[in-house]
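[1] need a 3D model of the following:
(one chain, ligands or ions: 1)
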Amino acid sequence: MSEEKKQFAELKIGDKSIDLPIVIGTENEKAVDISGLRKTTGYVTLDPSFMNTASCYSSITFVDGEKGILRYRGIPIEELVEKCSFTQVAYLLIHGKLANPEERLKFSKLLNQNSLLHEDMRHFFDHFPRGAHPMHILSTMINALAVFYPNVDLLSLDEDIDLSAARLISTVRTMAAFAYKKNIGEPVVYPRHDLNYCANFLNMMFDSPVKPYDIKPEIVKLLNILLILHADHEQNCSTTAVRTIGSAQVNLYATISAGISALSGPLHGGANQAVVEMLDMIVADGGDVKKFVARAKDKNDTFRLMGFGHRVYKTYDPRAKIIKSECHKLLSTMKNKDPLYEVAMELEQVALHDEYFIERNLYPNVDFYTGIVYRALGIPSNMFTVMFALARLPGWIAHWKEMIGHHTKIVRPRQIYIGKVPADYGK
Ligand code: ACO
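    Numbers count the residues shown, from 1 in each chain. Below is the predicted model:
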């Protein structure tokens, strides 16, 4: 944030004029600071869905939606997916710097030490109805962590955030794999200390007493890439939920559980599952992509192209670019072709050349190809959003930590009341 030359925007209301400070971020993003507006004028600002509101200062992630840039702590994601593991990126997001070898070892030990689920919690899985969506199971289980570890918010942010972060990042991975095993009626597989984060997850998902899982390094690498690309995305819906709920000084686990609930919606993290369901529907209908593009444009039809469009990106989502290329590499090595991939590529081409999508700057987002990759890895579609949640944990924790560190006041927006004026009871 530049403080050098203070600039002001002049606002005129009636015959009164006031100066509002202009704030400029390190990437030259400009904002008018209206925090003192109501006090001096009695006016509030109205911005439903925060289309035009910066809700905080943050130094975690930078997104340029016009140029298609995404950086974590200043480092481009293209470089991070090449050089880092997911847990290194988690450390970077939470601490603001890459871990040195000693810090890396300490963090990885903490991840291992906290990889087991509290044994009493394992029984919770027995009581969810069959077919329960894993995202609902996950948010419930994470909320339950608040009961098992009630004092997390009293820990020192500098020292013990590592412990809380490791517990969340590691345990939630175990929960996700257990939820999956429970869903398919197989015995759960416990985490192993000799495996890294992604290999461990794949092993917990796919190892079975009758068929040991063969851990392939290229699949581990691919999973690392997917998780890194989803690890943070500044003030998106679920992160805003985490910062809002956290501002009431709610326990970290309960706060993250709220983030999971927000992420589960089809307009947010749930889109990866919705994309595959949409592609399935197109294939089942005969594969005419033009028909579905026409439906997406029809204002009388509620159908939308899932995995297309983004509140911030008005160009190709840089994450989607990397995932598309990884998807292509993976699927070209597989014996059985996935008909959904062919349809996805055709759909993308038709939409990208269609006036409706061009005018509105609608491009594939991170979710467009993600589901196809997960499907190829053997992950069922109702687990896709869970994968997103695992990946987003470091981002949520980093934002929670930053929000607490900035001594954020409780989030409490105003409204413009449009209901009845005082009315007599009974009338
Ligand atoms: N298909 C068809 N039309 C679309 C789509 C789409 N996927 N996305 C946006 N539009 C149209 C809207 O109808 C609207 O048209 P109009 O100006 O004629 O009314 C215009 O484009 C602007 O769309 P909004 O909904 O106003 O844009 P907003 O920023 O509110 O929404 C969102 C962004 C929710 C991502 C939207 O593009 C969408 O619903 N996409 C499909 C769901 C999806 O893929 N979500 C994942 C997002 S990425 C993530 O959360 C990880």
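[2] pretty sure K314 contacts D64?
    No: K314 lies out of contact with D64 (Cβ atoms under 8 Å); the separation is 10.0 Å. Every residue, glycine included, has its C-beta placed from N, CA and C.
[3] mutual contacts of those two, please.
    With contacts defined as Cβ atoms under 8 Å, 6 or more residues apart in numbering, no residue is shared by K314 and D64.
[4] buried ones in whichever strand or helix holds I322, by neighbour count?
    Using DSSP states H and E, I322 maps to helix 318-332. Residues P318, R319, A320, K321, I322, I323, K324, E326, C327, L330, L331 are the ones in helix 318-332 that count as buried (16 or more other Cβ atoms under 10 Å).
[5] got the contact list for the very next helix or strand once past that helix?
    As assigned by DSSP H and E, the chain's next helix or strand after helix 318-332 is helix 339-352. By Cβ under 8 Å, 6+ apart, the residues outside helix 339-352 that reach it are 275-276, 279-280, 282-283, 287, 289-290, 292-293, 296, 305, 308, 327, 331, 357-358, 362-364, 368-369, 372, 375.
[6] what angle do helix 339-352 and helix 318-332 make?
    140 degrees (axes from the mean of the first three to the mean of the last three Cα atoms, to 10 degrees).
[7] got the CA positions of the longest strand anywhere in the chain in CSV?
    Identified as the longest strand of the chain according to DSSP state E is strand 2-13. Only the C-alpha atoms of strand 2-13 are listed here, as CSV (Å, rounded to 0.1, in the frame of the first residue of the first chain):
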residue,chain,number,x,y,z
SER,A,2,1.5,3.3,-1.0
GLU,A,3,1.3,6.0,1.7
GLU,A,4,3.7,8.5,-0.1
LYS,A,5,1.3,11.1,-1.5
LYS,A,6,-2.1,11.0,0.0
GLN,A,7,-4.7,11.4,-2.6
PHE,A,8,-8.4,12.1,-2.1
ALA,A,9,-11.6,11.6,-4.0
GLU,A,10,-14.1,14.4,-3.6
LEU,A,11,-17.7,13.3,-2.9
LYS,A,12,-20.5,15.9,-3.1
ILE,A,13,-23.8,15.2,-1.3
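[8] quick check: neighbours of that strand in the sheet, parallel or antiparallel?
    Applying DSSP bridges, strand 2-13 is found paired with strand 16-24 (antiparallel).
[9] on that earlier part again, now the helix holding I322: mean pLDDT?
    Helix 318-332 shows a mean pLDDT of 94.
[10] with stretch 361-369 instead?
    Stretch 361-369 shows an average pLDDT of 94 in the prediction.
[11] and what of stretch 138-158?
    Here stretch 138-158 scores 77 as its mean pLDDT.
[12] quick check: which element contains D160?
    Residue-wise, D160 maps onto helix 157-184 under DSSP H and E.
[13] spell out which residues of the stretch 301-427 of the chain are next to the ligand.
    When proximity is defined by Cβ under 6 Å from any ligand atom, the stretch 301-427 of the chain lies next to the ligand at 304-311, 360, 362, 365-367.
[14] quick one, which of these are buried?
    Judged by 16+ other Cβ under 10 Å, buried ones among these: R304, L305, M306, G307, F308, G309, H310, L362, N365, V366, D367.
[15] confidence score at the second one?
    At L305 the predicted local confidence, pLDDT, stands at 96.
[16] surely it is within a strand?
    No: counting by DSSP: H, G, I helix; E, B strand; the rest coil, L305 is not part of a strand but coil.
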